[in-house]
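1. Need coordinates for the below:
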Amino acid sequence: MNSRYSPYLAGTLVLALSLVGTLLIENNHARESIQEKRSQTLTYLSAVRARLEGSFNATIYLNRALSVLITAQQGISRDKFDLIAREILASSQHIRTVAVAEGYVITLIYPLDENRKALGLDYSRTPQQWPAVKRAIESRETVVAGPVRLVQGGRGLINRTPIFKSSFSDRSDSGDYWGIASIVINMESVFEEAGLGGPSSGYRVAIRGQDGLGSQGKVFWGDAALFDNSPERLEVTFPNGSWELAAVPDGGWNRLGSEDLWILGSGSIIALLLGALTTISYRNTLKMKHYALHDPLTRLPNRLLFSERVGQALAHAQRNSTQLAIAVLDLNKFKPVNDRHGHLAGDFVLQQVAQRIRITLRQEDVVARAGGDEFTLLLMDIDSRNDIAIVAKKLADQLLQPFHWQGQQLRVGVSIGFAIFPTHGEDLTTLFQQADTAMYQAKQNPDTHWTIASGFHPVTNRPIHTPAREES
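-> So this is what the prediction gives:
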């Protein structure tokens with residue numbers, strides 16, 4: 001990973017992981033929130049179901065009582081029917097009409113004035129109502145039908161109980177079919193009391209099970225599409241039939257609440273802060289590492305990093321049976337530059353020397369500042385001494401050029417000593433000592449600026465004695 005971009009990549013990674021963590025926390029909270037919403041929805045539906053079943057059971061008991069009375073008396077007069085029907089209506093605000101059909105034709109109805117249109121209705125000739133009537137007769141049980149469009153206007157739920165003739169037996173439903181007792185329930189008032197339809201409920205509700213057919217029946221209340229929106233469901237049961245209730249909160253299941261927004265907002269801010277802190281911390285760590293391994297003036301590797309690079313290069317050369325060279329480069333006449341022009345000028349010269357060495361060497365080679373005006377070089381994959389001679393000449397040509405400082409030309413000399421692995425040694429200490437000795441030899445000879453640690457001058461090929469090192 002490029003150290004220049006690694007802090008930003010690390011910061012981005014921490015940011016991404018923090019955001020993922022935030023999303024996981026929010027997702028878990030959302031799941032818990034949905035579970036809570038579903039539990040609340042089931043509680044709401046349970047209350048609705050209890051109210052609906054209570055209303056239906058009350059009318060069923062009244063209707064059965066009426067059918068028992070008719071069975072026991074083998075019929076009923078209009079006056080007695082009106083009296084009983086009036087009491088039935090007074091017992092519940094949801095009951096709209098009470099009717100008796102002898103055979104399949106309605107012969108008695110209360111209140112008469114409001115329902116005169118229904119008098120004489122023949123169930124067997126009314127397709128909308130006949131299936132429920134037939135089911136009640138065949139099952140010999142009470143059937144809750146509807147909602148149906150009433151001939152007297154509006155819609156209602158009809159509780160029908162079949163009546164059978166009896167010879168005063170102990171079974172009110174024994175004998176042949178006689179007729180049907182019906183109680184019409186006001187659907188809107190029953191549903192309103194049950195908590196359906198009001199905007200204050202906080203839920204959207206749909207009901208299916210036309211004529212008590214449960215999940216197989218048509219939707220007669222609410223939006224049919226609600227059953228495809230993963231609703232909570234409950235069954236409303238009554239004699240010989242059922243409905244299926246479905247409910248979804250007004251805002252749906254996945255609507256983000258204030259807590260979800262707070263988690264996402266605060267989590268995003270924390271993720272950004274963690275990402276920024278990681279980037280800053282990583283950059284500072286890299287800077288500290290860089291400063292620990294580099295010369296602050298020239299930005300070259302220092303002696304510690306140079307030793308590490310040489311160790312790696314030596315291991316590579318040993319494995320691949322290749323040669324490399326270690327060089328010690330020392331500037332001559334550098335001290336007068338400092339004395340005459342000041343340390344700023346001296347620092348400028350050192351920086352320019354570092355730059356010229358870098359552009360002269362290959363990319364795989366290494367140059368480091370050993371201290372003062374001394375530099376060390378690592379030359380990789382040296383094939384012959386001629387390779388060293390080429391590099392040495394280029395370095396000398398570069399460094400002997402004047403340095404331009406505030407309108408003045410500053411000049412220094414250069415002496416370079418080379419040692420070759422494995423000819424002059426197989427470890428850094430030995431190679432450095434050989435290269436340092438060669439550099440001293442080059443410094444004392446005015447005919448050349450460099451020499452190799454063979455102990456022989458590269459031009460005259462005569463033995464060279466190593467004198468004491470002079471001050472630069």
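2. Show the residue spans covered by the helices in the protein.
-> Across the chain, reading from the start of the chain, the helices by DSSP state H fall at 6-73, 78-91, 130-139, 187-194, 258-293, 303-320, 335-341, 343-360, 385-399, 428-444.
3. so which of the ones you listed gets nearest residue 159?
-> Nearest to residue 159, of all the helices of the chain, is helix 6-73, at 4.9 Å by C-beta to C-beta. Using the backbone N, CA and C atoms, a C-beta is placed for each residue, glycine as well.
4. Nearest to residue 215 among the helices of the chain would be which one?
-> Between residue 215 and the helices of the chain, the shortest gap by C-beta to C-beta is with helix 6-73, which sits at 14.8 Å.
5. That closest one to helix 258-293, inter-axis angle?
-> 160 degrees (axes from the mean of the first three to the mean of the last three C-alpha atoms, to 10 degrees).
6. For the residue nearest to residue 53 when sequence neighbours are not counted, which residues count as its bridge partners?
-> With C-beta to C-beta, 6 or more residues apart in numbering as the criterion, residue 53 has its nearest non-adjacent residue at 6.0 Å, and that residue is residue 236. Using DSSP bridges, the bridge partners assigned to residue 236 are residue 243.
7. So what's the residue count around the residue nearest to residue 10 when sequence neighbours are not counted?
-> The shortest distance from residue 10 to any residue that is not its chain neighbour, by C-beta to C-beta, 6+ apart, is 4.9 Å, and that residue is residue 282. The local packing count at residue 282 equals 18, with neighbours defined by other C-beta atoms under 10 Å.
8. pretty sure residue 282 is touching residue 6, no?
-> Yes - assessed by C-beta atoms under 8 Å, residue 282 is found in contact with residue 6 at 6.8 Å.
9. Would you enumerate the residues in contact with residue 42?
-> With contact set as C-beta atoms under 8 Å, 6 or more residues apart in numbering, residue 42 has these partners: 232, 234.
10. hmm, 6 Å instead?
-> residue 232 (C-beta atoms under 6 Å, 6 or more residues apart in numbering).
11. Mind pulling up the pLDDT for it?
-> Residue 42 carries a pLDDT value of 91.
12. One more: residue 288?
-> For residue 288, pLDDT reads 82.
13. how far away is it from residue 6?
-> When distance is defined by C-beta to C-beta, to the nearest Å, residue 288 is 14 Å away from residue 6.
14. more crowded one of the two?
-> residue 6 (14 against 10).
15. And the more buried one, how close does it get to residue 286?
-> Note on residue 6: its distance to residue 286, by C-beta to C-beta, is 7 Å.
16. Kindly report the same for residue 164.
-> In this structure, residue 164 lies at 97 Å from residue 286, with C-beta to C-beta as the measure.
17. which of the two has more neighbours?
-> For residue 164 versus residue 286, neighbours defined as other C-beta under 10 Å are more numerous around residue 164 (17 against 14).
18. So in terms of bridging, what pairs with the more buried one?
-> The residues paired with residue 164 through beta bridges, assigned by DSSP bridges, are residue 177.
19. what sits against the closest residue to residue 25 other than its chain neighbours?
-> Taking C-beta to C-beta, 6+ apart as the measure, residue 25 lies nearest to residue 263, with 5.9 Å between them; neighbours along the chain are not counted. Applying C-beta under 6 Å, 6+ apart, we find residue 263 in contact with 25-26, 29.
20. mind putting those residues in CSV, distance to residue 364 and neighbour count included?
-> Putting these into CSV (distance: C-beta to C-beta, whole Å; neighbours: other C-beta atoms under 10 Å) gives the following:
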residue, distance to residue 364, neighbour count
25, 49, 13
26, 51, 19
29, 55, 16
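21. As CSV, the residues you listed with pLDDT and distance to residue 365 would be great.
-> Shown next, in CSV, are the contacts of residue 263 (pLDDT from 0 to 100; distance: C-beta to C-beta, whole Å):
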residue, pLDDT, distance to residue 365
25, 81, 52
26, 72, 54
29, 72, 58
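22. Which of those sits closest to residue 251?
-> Taking the contacts of residue 263 together and measuring to residue 251 by C-beta to C-beta, the closest member is residue 29, at 15.8 Å.
23. can you tell me how far the closest one sits from residue 35?
-> Distance of residue 29 to residue 35, computed by C-beta to C-beta: 11 Å.
24. Ok, residue 153 next?
-> Residue 153 is 45 Å from residue 35, by C-beta to C-beta.
25. go on, residue 43?
-> According to C-beta to C-beta, residue 43 and residue 35 sit 13 Å apart.
26. What of residue 93?
-> Applying C-beta to C-beta, one obtains 38 Å for the distance of residue 93 from residue 35.
27. hmm, who's touching stretch 226-242?
-> By C-beta under 6 Å, 6+ apart, the list of residues contacting stretch 226-242 from outside reads 38, 41-42, 45, 49, 52, 56, 139, 141-144, 206, 209, 212, 214, 243-248.
28. Look at that stretch and report the distance between its end residues.
-> Across its full length, stretch 226-242 reaches 19 Å between end residues, using C-alpha to C-alpha, to the nearest Å.
29. and what of stretch 318-328?
-> Length of stretch 318-328, first residue to last, C-alpha to C-alpha: 22 Å.
30. go on, stretch 320-334?
-> As for stretch 320-334, its first-to-last residue distance stands at 40 Å under the measure C-alpha to C-alpha.
31. what sits up against that stretch?
-> Applying C-beta under 6 Å, 6+ apart, the external contacts of stretch 320-334 come out as 313, 317, 373-377, 379-382, 388, 412-421, 431, 435-436, 439, 472.
32. Work out the gap between it and the centre of the chain.
-> The chain centre lies 56 Å from the centre of stretch 320-334; the measure is C-alpha atoms, centre = their mean, to the nearest Å.
33. Mind listing what's buried along it?
-> 323-332, 334 (16 or more other C-beta atoms under 10 Å).
34. now swap in stretch 237-249 and tell me
-> Within stretch 237-249, the residues that qualify as buried are 238-249, counting by 16+ other C-beta under 10 Å.
35. Just the residues you listed: which are in strands?
-> Under the assignment DSSP state E, the buried residues of stretch 237-249 contribute 238, 241-249 to strands.
36. what's the farthest-apart pair in those residues?
-> The span of those, defined through C-beta to C-beta, is set by 241 and 249 at 28.3 Å.
37. could you dump stretch 90-100 to CSV, C-alpha only?
-> What follows is the C-alpha trace of stretch 90-100 in CSV, where atoms were taken according to Å, rounded to 0.1, in the frame of the first residue of the first chain:
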residue,chain,number,x,y,z
ALA,A,90,-84.4,-1.7,22.4
SER,A,91,-81.8,-4.2,23.6
SER,A,92,-79.1,-3.2,21.1
GLN,A,93,-78.3,0.0,19.3
HIS,A,94,-76.9,-2.0,16.4
ILE,A,95,-80.1,-3.9,15.5
ARG,A,96,-81.9,-2.3,12.6
THR,A,97,-84.6,-4.8,11.6
VAL,A,98,-86.2,-8.0,12.9
ALA,A,99,-88.0,-10.2,10.3
VAL,A,100,-89.6,-13.6,10.0
